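> what follows is a predicted structure for the sequence shown.
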Amino acid sequence: MTVQKEITLKPRPRGFHLITNEILQLLPELKSISKGIANIFIQHTSASLTINENADPSVRSDMETYFNRAVPESDMKYYNHTLEGADDMTSHIKSSILGSSVTIPITKGNFNLGTWQGIYLCEHRNHGGARRIVVTITGE
Amino acid sequence: MTVQKEITLKPRPRGFHLITNEILQLLPELKSISKGIANIFIQHTSASLTINENADPSVRSDMETYFNRAVPESDMKYYNHTLEGADDMTSHIKSSILGSSVTIPITKGNFNLGTWQGIYLCEHRNHGGARRIVVTITGE
Amino acid sequence: MTVQKEITLKPRPRGFHLITNEILQLLPELKSISKGIANIFIQHTSASLTINENADPSVRSDMETYFNRAVPESDMKYYNHTLEGADDMTSHIKSSILGSSVTIPITKGNFNLGTWQGIYLCEHRNHGGARRIVVTITGE
């Protein structure tokens, strides 16, 4: 059994955002899957998806702090792809480090995440706009 | 055909650990799959999974050396999520860089890995304890 | 329905290379899948796969610039796995940061990528040689 759904996420400010509940609300089909996997894929190269801590908002802001230091915009001088500004190439780099999809087990009609896990949308652009994701569920 | 199994890995010290054989021993179901994929997912945000070199143990210790330098605990001063110590936020960061799951092809009843590939458990905490993983196999 | 195919990619120079069309040409089976996922897996630990911008070649060269600075060969002195030279351990590190597989949604017989997305082979070795990948399609 394969279920596929395209979802548009509303624009969010640059940073890391918890989107688990937003995705779950748009996926009533999940309830009919007893075991399987969900691949959640973002159709952009300047935003990414990851799984991390779902409780303390400071994890999200600390992630932003880390990635801005690890992929600094002041390195723009080393890059050629700079037409759209200092957050252009750095966003592409961050999106490959973090990844364009997460794959999550489904058990008894729900994402089988750990207690402290949530799905993050990582918005790397200053003005990224709405983001499209494709969710594909395979299971039975 | 979908097979799903929850596995608890014994506590391991901080560092990178080869767990391919431990997972294979707990997955006799693999033998009945001629082609498909296995998603191996860790239900934690301070440990991660990756695939790397399976022969020379110094690759595992060099990985620990690299990630401790790339995500240094001395940067703790820049973070707010520090309640559990210097290895708290750095572990969350490392887990998103490396990822919470690996997806591996299955061919003729076995993981279809390259000759030199193995599955690593990346334990980022000083005292991480036992780690739960969920393996989901989809195939025929 | 599960389709699996082993593909050998020709040797490429060190750097980031767009391989979307090469993979599509070798996957006529894709046309018969209306919805599903494709897992593209590289059987090596010194090369990796990622998804990034498919239009401007300078994104690929800027990615090489970034990763050479983030995982510098001059750090070789900190590593023990150095038998094959300065690009040995750094290649293993880069491959775990970027990842050994990408999972992509399939919709109506095609990869359902965003307009600007392409599949990159990331060749981290100076002389990596031909690279083997395994593509597994699950869907209906």
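Alright, I've got the coordinates. Everything numeric in this text was worked out from a predicted model, so none of it was measured.
> pretty sure A:Glu22 contacts A:Leu9?
Yes. Taking C-beta atoms under 8 Å as the definition, A:Glu22 is a contact partner of A:Leu9 at 6.9 Å. Any C-beta I mention is one placed from the backbone N, CA and C, and that applies to glycine too.
> wait, what's in contact with the most centrally placed residue in chain A?
Residue closest to the average C-alpha location in chain A (C-alpha atoms, centre = their mean): A:Leu49, at 2.0 Å. Applying C-beta atoms under 8 Å, 6 or more residues apart in numbering or on different chains, we find A:Leu49 in contact with A:40-42, A:98-102, A:119-122, A:133.
> repeat the analysis, applying 7 Å as the threshold.
With contact set as C-beta atoms under 7 Å, 6 or more residues apart in numbering or on different chains, A:Leu49 has these partners: A:Ile40, A:Ile42, A:Gly99, A:Ser100, A:Ser101, A:Val102, A:Ile119, A:Tyr120, A:Leu121, A:Cys122.
> tell me which of those fall in strands.
Of the positions in the contacts of A:Leu49, A:Ile40, A:Ile42, A:Ser101, A:Val102, A:Ile119, A:Tyr120, A:Leu121, A:Cys122 sit in strands, assigned by DSSP state E.
> now the residues you listed as a markdown table including distance to C:Glu64, neighbour count and pLDDT?
Shown next, in a markdown table, are those (distance: C-beta to C-beta, whole Å; neighbours: other C-beta atoms under 10 Å in any protein chain shown; pLDDT from 0 to 100):
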| residue | distance to C:Glu64 | neighbour count | pLDDT |
| --- | --- | --- | --- |
| A:Ile40 | 28 | 25 | 98 |
| A:Ile42 | 23 | 25 | 98 |
| A:Ser101 | 23 | 22 | 98 |
| A:Val102 | 26 | 22 | 98 |
| A:Ile119 | 30 | 24 | 98 |
| A:Tyr120 | 27 | 25 | 98 |
| A:Leu121 | 27 | 22 | 98 |
| A:Cys122 | 22 | 28 | 98 |
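> mind listing the strands for chain A?
All strands of chain A, identified by DSSP E, fall at A:2-9, A:15-18, A:35-42, A:47-53, A:101-107, A:110-111, A:117-123, A:131-139.
> got the residues of chain A near chain C?
A:2, A:4, A:39, A:41, A:43-45, A:78-81, A:89, A:92-93, A:95-97, A:99-101, A:103, A:132, A:134, A:136, A:138 (C-beta under 7 Å from any C-beta of the partner chain).
> look up how far A:Val135 lies from A:Val102.
Per C-beta to C-beta, to the nearest Å, A:Val102 is found 10 Å from A:Val135.
> which one is A:Ser34 nearest to, not counting chain neighbours?
Nearest residue to A:Ser34, sequence neighbours excluded (C-beta to C-beta, 6 or more residues apart in numbering or on different chains): A:Lys108, at 6.0 Å.
> confirm for me that the one you found is in contact with A:Ile33.
No. With contact defined as C-beta atoms under 7 Å, A:Lys108 does not reach A:Ile33; the gap is 8.5 Å.
> quick one: which of these two has more around it?
Neighbours per residue, other C-beta atoms under 10 Å in any protein chain shown: of A:Lys108 and A:Ile33, the larger number sits with A:Ile33, 22 against 10.
> how many neighbours does the residue in chain A positioned nearest to chain C have?
For chain A, the residue closest to chain C is A:Gln43, as judged by C-beta to the nearest C-beta, at 3.1 Å. By other C-beta under 10 Å, 20 other residues sit near A:Gln43.
> gap between it and B:Glu53?
From A:Gln43 to B:Glu53 the distance is 33 Å (C-beta to C-beta).
> circling back to that earlier point, closest to C:Val71 among the contacts of A:Leu49?
For the contacts of A:Leu49, the closest approach to C:Val71 (C-beta to C-beta) belongs to A:Gly99, at 17.3 Å.
> let me know the outermost residue of chain A.
The C-alpha centroid of chain A is most remote from A:Lys77, which lies 27.8 Å away (C-alpha atoms, centre = their mean).
> that residue: what's it in contact with?
Contacts of A:Lys77 (C-beta under 7 Å, 6+ apart): none.
> quick one: it from chain B, how far?
Separation of A:Lys77 from chain B (C-beta to the nearest C-beta, to the nearest Å): 21 Å.
> what do you get for A:His127?
For A:His127, the distance to chain B - C-beta to the nearest C-beta - is 23 Å.
> need the contact list for A:Glu22.
A:Leu9.
> can you give me the pLDDT of it?
As predicted, A:Glu22 sits at a pLDDT of 96.
> I'd guessed A:Met89 sits against A:Tyr79; true?
Yes. Using C-beta under 7 Å, A:Met89 makes contact with A:Tyr79 at a distance of 4.3 Å.
> higher neighbour count, these two?
Between A:Met89 and A:Tyr79, A:Met89 has the larger neighbour count (other C-beta under 10 Å), namely 29 against 20.
> quick one, what contacts that one?
Counted by C-beta under 7 Å, 6+ apart, A:Met89 has contacts A:Met76, A:Tyr79, A:His81, A:Thr82, C:Asp62.
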